[in-house]
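Asker: sequence-free structure coming up:
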């Protein structure tokens, strides 16, 4: 077993191999703090006829890693969580381009989370473990790759901060790279975001993550990546790994490429027209002609070579596109390098939606819909993250019709989850806090047409939708996708790339942000040796494009609507003392349930005394708020005030009537008879009856005496008629000789007092 540790940045990183998973071709355990992952690498023979590299990266979360038992009926891990899927994508992106061109063996990398200390995220040890496991397997690999996390805290970049450190950060980024043959670090992947609360921290004086500061952070990451790569190489050397012998399996031979080029090269210029549909139709027709020509030319050899025609034709397109761009400065659709496709935006499209926005850039079109709900609709999270719920939710859908194709529609795939997460992170910094805006927000982006950068179009559509819904976001956010073509030592940065430019180019760089700072970035590189000034220039070029898009969106809607949609629920928040929570809830929830029944409102009470009240009709929420305020800050009624009350209890001496949520009063039995003597209160009223009453007296202890008023209860002029034998309910005077039935005069002489009846006890013990 080999085990070694080094301090990288602010944390200790440990690599271990030779103990666990001995039958895997490459395996290692990587520990950061007390977060620990096991990574394994295994291979299989290549599948017949494939023209791509079949790499699979899986992340297996084990809930025991955090001392948890999984939720759900089965109490075991099921499909991967969103965090696991995003980490798998984060690992795949720098790993895949590092394998040698022409390698076709099936490769599977499995990252199993063994321990999660809820301080150090497992993505950084996971990426590093994957790079080391592949190196230990001896595969044809230009690695190792390494990754670090950067946190912009207090105006400085910190390497591998914890979750708790990031609570003070204004930017959080994962950067992965490798050391090239010249000994310098190539950045392969960047995934960054401004965390929740960034806006408030910037207002308090924290450093803003501008393009210049983000570019400086990448230099800091390079130093740490170089240390980790050196560390991995030391482990591989100690393990005595020997490179595996392999034979490149090119998807086409030079002979096939020459034949394709001879026939199609001169015709490509005419086929590459600006419109996507027409361009693809032209290319399909040209490819069909090419196949017919080669079938006649090759004769019997055609079936064996035919599988090489499509990849060779694609390579020819790539070369033609790049040559035209570098030599003429003209892109595939006729634009210049820095030019953005035509933009349009619209709001209020969906009649029943709380907010909706449509954003279109060229042939890319995204519809976003905002739905508002009570905070109890927050998404519960059952993962190894310390975060247990999510209030702002963004979902992204990419149906096959968006590219004019027929395909499967079902549960979201990894790509949809990744694009949705990127668009979500771009908006998180500007979403108002729940104290300011007490709603759960769910946004859905439906891609209706796709030709490049639908995730950044989703960011723009989300901003429009949120402002249409009346959500008081801190600032509008827009996004743009940048590309790059590196040819013969020249670097051309492209603004607003097409789908084909993404596939045939050398960089996919997505940047989202406000007019002031960056909120999210995502970078994937396909080439090495990119100068730092080229990346910094791409960030600057992206800002210029972003400002132009924000200006265009501002002409549609510049600020959030001042009033929420009438379709949205009404939610208000009040703060009550913590010691009053029990009074508001009442015994067994009786009081809070009464308020809900009367008002129809939906009420959530937090442990810190915040009360969120919502209803479809604004009046219900206001009424519930007034009833809660009356409980928390009870006000004694004044003599003469009238209330529409409810009889809540009857006794032998009267009826208790609830006049406010927190206060009852007593109507004596003598006031219920309408001039007659009643043998029981139930002859006049019963529990649940509505009764209009007037306050007659409030004693120093707060006890309230009431009398019924209104139709049928107000006495006529001269008072109620007296009935013979009726004393009006007054007590009869004591007669001589009266005494206790048990003790007679003797009992009275000894000072013995008659025992009060049950009704007297009720009257003594009742309180208002």
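Answerer: Yep, that arrived. Just so it is clear, the structure is predicted and the values come from calculations on it, not from any experiment. Numbers count the residues shown, from 1 in each chain.
Asker: going by C-alpha atoms from here, please, whenever you check contacts or count neighbours.
Answerer: Will do.
Asker: what pLDDT is listed against the spatially closest residue to residue 673 that is not a sequence neighbour?
Answerer: Beyond its immediate neighbours in the sequence, the residue positioned closest to residue 673 (Cα to Cα, 6 or more residues apart in numbering) is residue 684, lying 6.9 Å away. The predicted structure scores residue 684 at 90 on the pLDDT scale.
Asker: how far does stretch 399-411 stretch from start to finish?
Answerer: Chord length of stretch 399-411, first to last residue, is 11 Å (Cα to Cα, to the nearest Å).
Asker: give me the residues contacting it.
Answerer: 446, 447, 448, 449, 450, 451 (Cα atoms under 8 Å, 6 or more residues apart in numbering).
Asker: helix/strand/coil for residue 56?
Answerer: Three-state assignment for residue 56 (DSSP: H, G, I helix; E, B strand; the rest coil): strand.
Asker: hang on, it packs against residue 111?
Answerer: No: taking Cα atoms under 8 Å as the definition, residue 56 is not a contact partner of residue 111, at 11.1 Å.
Asker: okay, those two: which has more neighbours?
Answerer: The neighbour comparison of residue 56 against residue 111 (other Cα atoms under 10 Å) goes to residue 111, with 31 against 15.
Asker: against residue 622, how distant is the more buried one?
Answerer: If you measure residue 111 against residue 622 using Cα to Cα, the figure is 52 Å.
Asker: which helix is the longest one in the chain?
Answerer: As assigned by DSSP state H, the longest helix anywhere in the chain is helix 211-239.
Asker: so how far is that one from its chain's centroid?
Answerer: What separates the centre of helix 211-239 from the centre of its chain is 30 Å, taken as Cα atoms, centre = their mean, to the nearest Å.
Asker: and stretch 460-470, by the same measure?
Answerer: A distance of 16 Å separates the C-alpha centroid of stretch 460-470 from that of its chain, computed with Cα atoms, centre = their mean.
Asker: how about residue 685, phi and psi?
Answerer: The phi and psi values for residue 685, taken as degrees, to the nearest 10, are phi -140, psi 160.
Asker: show me the contacts for it.
Answerer: 647, 655 are the contacts of residue 685 under Cα under 8 Å, 6+ apart.
Asker: when you give positions from now on, start the count at 104
Answerer: Yes, from this point I'll number from 104; that puts the last item at residue 788.
Asker: measure it to residue 818 for me?
Answerer: Residue 788 is 17 Å from residue 818, by Cα to Cα.
Asker: just residue 593 next, same as before
Answerer: Remark: distance between residue 593 and residue 818 (Cα to Cα) = 102 Å.
Asker: what about the strands in the stretch 154-303 of the chain?
Answerer: 158-164, 209-218, 248-256, 259-262, 272-282, 288-296 (DSSP state E, counting those that start in this stretch).
Asker: neighbouring strands of the fifth one in the sheet, and parallel or not?
Answerer: Just to be clear, that refers to strand 272-282. strand 248-256 (antiparallel), strand 288-296 (antiparallel) (DSSP bridges).
Asker: most tightly packed of those strands?
Answerer: Mean neighbours per residue, mean count of other Cα atoms under 10 Å, is largest over the strands paired with strand 272-282 for strand 248-256, with a mean of 27.
Asker: any low-confidence regions in this protein?
Answerer: Counting by pLDDT under 70, the low-confidence segments of the chain come to 720-721, 821-871.
Asker: ok so, going back, run through the neighbouring helices and strands of the longest helix of the chain.
Answerer: When contacts are defined as 3 or more Cα pairs under 8 Å, 6 or more residues apart in numbering; DSSP states H and E, helix 314-342 sits against strand 105-111, helix 226-239, strand 248-256, strand 259-262, strand 272-282, strand 288-296, helix 635-657.
Asker: now do it and strand 105-111, the angle between them.
Answerer: Orientation of helix 314-342 against strand 105-111 (axes from the mean of the first three to the mean of the last three Cα atoms, to 10 degrees) gives an angle of 160 degrees.
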